[in-house]
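J.: I'll drop the sequence and a predicted model, then ask my questions.
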Amino acid sequence: MKILARQLTLDLYNCDASRLGRVEEIKDTLKSVVGSEPRLTSEVMDEEHFSIIGAFSEGHIALHVYNELRYVAVDIFTCTDSEKLEELAKIIRQFFRPDKIKSTFLNRGDFGLEREVKPKIKVRVAPLRRVKNAGVKVVKKLVRRGKE
C-alpha cells in the first residue's frame, strides 16, 4: 500500500515564554532542519498572535504562535519519508520547550481501507508537569480527608 504523504500536527502547551516572540530565530531554526530552500513568511495577526508559513519541495510547514496563551500550533506536511518529519518536530519541541505536547500523525493519500484512516495521537507531558500534577492531587485528597 503506497502512502503519498504524511502529516504531523503538534499542539505545544505552556511553552517557554521567552522564546515565543522571536520570529527570526524561529525561522532560522526551521531552516536549519529543512535547509535554506523554504520560503518562510511571517504574518502578525495581532500583538498576541502571529503565524509562520513555509513551502518547500517536499511539503509545507505552518506555525501559529499565541504569546499570551503560551501555545503553539504546528502543521507539518511532507511527501517524503517520516525521518525529516520527526527531526523537524524534535527541533520545534526543543526550541519552544513546552510542558505538554499533543501530536497527531496522519498518512495522507492512503488508498487502503477506510478503517485505516484513523490518526495516531500521542500526548507527552514534561516530567516537571507530572510532578506538579501529582502534588495537586495529593493536596486535594488531604484536604478532603481533613473535612471528613
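T.: That came in fine, so what should we check first?
J.: Please make it C-alpha for all contacts and neighbour counts, starting now.
T.: OK.
J.: all helices for the protein, in order.
T.: Under the criterion DSSP state H, the chain contains helices at 23-34, 82-96, 127-147.
J.: Nearest to residue 49, out of those helices?
T.: helix 23-34 (11.3 Å; CA to CA).
J.: what's the closest one packed up against?
T.: Judged by 3 or more CA pairs under 8 Å, 6 or more residues apart in numbering; DSSP states H and E, helix 23-34 is in contact with helix 82-96.
J.: Buried residues in stretch 12-31, which are they?
T.: 12, 13, 14, 15, 20, 21, 23, 26, 27, 29, 30, 31 (16 or more other CA atoms under 10 Å).
J.: Which members of those residues are the farthest-apart pair?
T.: It's 14 and 31 that sit farthest apart of those, by CA to CA, at 23.9 Å.
J.: Next, the contact list for residue 101, please.
T.: Residues near residue 101 by CA atoms under 8 Å, 6 or more residues apart in numbering: 10, 11, 12, 13, 123, 124, 125.
J.: Neighbours of the second one, how many?
T.: If I follow you right, that is residue 11. 17 (other CA atoms under 10 Å).
J.: Residue 93 too?
T.: 17.
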